[in-house]
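# Mind folding the following:
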Amino acid sequence: MKRLPEKTTLRAPEAWSADGDDAPAFLSRVENDHFSLGEAHADAWDFIVEGGKKSIDGTTGRPRREARRRDARKSKATQRRRSKP
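Residues are numbered from 1 along each chain as shown. Here you go, the predicted structure:
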């Protein structure tokens, strides 16, 4: 596998973090060697962060729906047992 020359890889972050005539900056520097998506891509960044939070919290909707269904089944079973003399 061929690699990019070091000269190119060192210049890429600088090129990607500067606004150009053809497009806004793709990256913004957070710290020395840490980057985030550029300000022009804030919507995409928010989408990624929100998806990560949902993944961590398990709040994508499916677990809640499954829990409600399970609880409803338990409730119906309990009601059937109580209604019998």
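
# contacts and neighbour counts: CA atoms only from here.
OK.

# Bridged to Arg29, which residues?
Beta-bridge pairing for Arg29 (DSSP bridges): Phe35.

# Give me the neighbour count for it.
16 (other Cα atoms under 10 Å).

# That one touches Trp16, doesn't it?
No. With contact defined as Cα atoms under 8 Å, Arg29 and Trp16 do not form a contacting pair (9.9 Å).

# shaky segments in this protein?
58-65, 75-85 (pLDDT under 70).

# repeat that with 80
Low-confidence segments of the chain, defined by pLDDT under 80: 1, 56-85.

# now the strands for it?
Taking DSSP state E to define them, one finds strands in the chain at 27-31, 34-37.

# Distance to Ala67 added to the ones you listed, as JSON lines?
Shown next, in JSON lines, are the strands of the chain (distance: least, Cα to Cα, whole Å):
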{"stretch": "strand 27-31", "distance to Ala67": "40"}
{"stretch": "strand 34-37", "distance to Ala67": "36"}
